[in-house]
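Colleague: With the sequence up front, the predicted model follows.
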Amino acid sequence: MTGCDFLIKDMTERSIDILTLIGEEDMNETNNLLEQADHDMLLKMVKDSFRRTLVHYGQWYAEVYHQLGSERAMEIEDAVWDKSFGNQLTRLGKTLGFEIIDGVPAALHGMSKADLMDLVEKMGVNWLANDGIWFQAVEQAFGMNDAKRCNDTCWTRYSPFEAKRIKRLLDLPDNGGISALKKALAFRMYATINRQSVEEIDENTIVFRMNDCRVQAARKRKGLADYPCKSVGLVEYPYFAAAVDPRIKTECIGCPPDNHPEDWYCAWKFTLVNP
């Protein structure tokens with residue numbers, strides 16, 4: 001049994017022990033209150049349950065990250081996800097009447113490649129919208145400086161996490177060099193919604209360009225100046241590359257508010273040092 005498996009087993013046993021401490025009378029009172037809820041309230045409860053589960057999952061990851069470090073947090077999350085997501089889908093499938101095959105709803109297996117590509121793109125758009133909504137909420141409440149500060153710190157944690165997930169998805173080696181980085185960049189959430197390109201300088205160096213950025217393009221259509229995203233880029237890209245292979249050095253060629261040509265918004269040079 002691995003350390004992660006032991007942790008999950010221990011957490012489950014402790015949860016059962018806690019439940020045995022709750023008196024039957026208290027449980028009955030709680031059930032009676034729920035039974036008195038009307039249809040509209042129960043619908044709200046279903047929706048809010050998804051929200052609480054999502055936030056609780058994130059809080060667990062954040063605290064394990066804080067207490068045990070990034071590598072252990074990602075290791076434990078990797079063990080937790082399949083078990084947690086699988087349990088949730090199985091229960092929902094039984095309740096709502098859909099079949100689960102290989103960990104996903106059976107309906108997804110019947111979708112065409114084009115439809116799956118469209119679904120992946122829509123999920124990318126949802127991911128970006130979620131990011132933007134968080135940024136705007138902090139900005140409106142506390143100002144641009146605090147929003148950028150929160151955003152930049154968030155990317156120090158999300159960027160390496162995304163790189164690790166892509167490495168697992170594609171079965172990339174720990175020290176895969178520039179070839180592994182090229183593959184990983186093609187499977188980022190951004191890659192599903194933006195247009196990007198890679199220029200090979202030599203076997204140990206590439207230049208990555210974001211040719212069309214959904215956020216910047218939207219600002220351009222509204223007649224707004226580029227969003228100054230360099231500060232987050234200086235966190236996002238080095239952290240991502242280092243998580244793919246710690247020997248990779250990242251340099252910024254240009255990123256708003258820097259001036260840039262019409263055919264790209266930002267550009268980054270990745271070099272494998274001491275290959």
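Modeller: Here it is on my side, so go on.

Colleague: CA only for contacts and neighbour counts going forward, please
Modeller: OK.

Colleague: now the closest residue to residue 138 other than its chain neighbours: how far from residue 217?
Modeller: Among residues not flanking residue 138 along the chain, residue 147 sits closest, at 5.2 Å (Cα to Cα, 6 or more residues apart in numbering). Between residue 147 and residue 217 the computed distance is 21 Å (Cα to Cα, to the nearest Å).

Colleague: between those two, who's got more neighbours?
Modeller: residue 147 (18 against 15; other Cα atoms under 10 Å).

Colleague: who does the host helix or strand of that one touch, helix- and strand-wise?
Modeller: Element membership for residue 147, per DSSP states H and E: helix 144-170. The criterion is 3 or more Cα pairs under 8 Å, 6 or more residues apart in numbering; DSSP states H and E, and the helices and strands that helix 144-170 contacts are helix 113-142, helix 177-185, helix 230-244.

Colleague: In that helix, which residues are buried?
Modeller: Counting neighbours by 16 or more other Cα atoms under 10 Å, one finds that the buried residues in helix 144-170 are 147-148, 151-152, 155-157, 159-167.

Colleague: List the contacts of the nearest residue to residue 250 once chain neighbours are set aside.
Modeller: For residue 250, ignoring the flanking residues on the chain, the nearest one in space by Cα to Cα, 6+ apart is residue 270 at 4.8 Å. Residues near residue 270 by Cα atoms under 8 Å, 6 or more residues apart in numbering: 178, 205, 206, 207, 208, 241, 248, 249, 250, 251.

Colleague: make it 7 Å
Modeller: For residue 270, the contact set (Cα atoms under 7 Å, 6 or more residues apart in numbering) comprises 205, 206, 207, 248, 249, 250, 251.

Colleague: In strands, which of those residues appear?
Modeller: Of the contacts of residue 270, the ones assigned to strands by DSSP state E are 205, 206, 207, 248, 249, 250, 251.

Colleague: Closest to residue 89 out of the residues you listed?
Modeller: Nearest to residue 89, judged by Cα to Cα, of these is residue 248 at 38.4 Å.

Colleague: contacting residues for that closest one?
Modeller: Contacts of residue 248 (Cα under 7 Å, 6+ apart): 241, 242, 270, 271, 272, 273.

Colleague: re earlier: most neighbours among the contacts of residue 270, which one is it?
Modeller: residue 248 (25 neighbours).

Colleague: Is that residue bridged to anything, and to what?
Modeller: Per DSSP bridges, the residues bridged to residue 248 are residue 272.

Colleague: burial count for the closest residue to residue 180 other than its chain neighbours?
Modeller: Excluding its sequence neighbours, the residue lying closest to residue 180 (Cα to Cα, 6+ apart) is residue 172, at 6.4 Å. Residue 172: 18 surrounding residues under other Cα under 10 Å.

Colleague: Check residue 85 too.
Modeller: Counted with other Cα under 10 Å, residue 85 comes out at 12.

Colleague: does it count as helix, strand or coil?
Modeller: Here residue 85 is recorded as helix under DSSP: H, G, I helix; E, B strand; the rest coil.

Colleague: hmm, back to that, among the ones in strands among the contacts of residue 270, find me the one that's closest to residue 74.
Modeller: residue 248 (20.7 Å).

Colleague: roughly how far apart are the closest one and residue 193?
Modeller: Shown here: residue 248 relative to residue 193, a distance of 25 Å by Cα to Cα.
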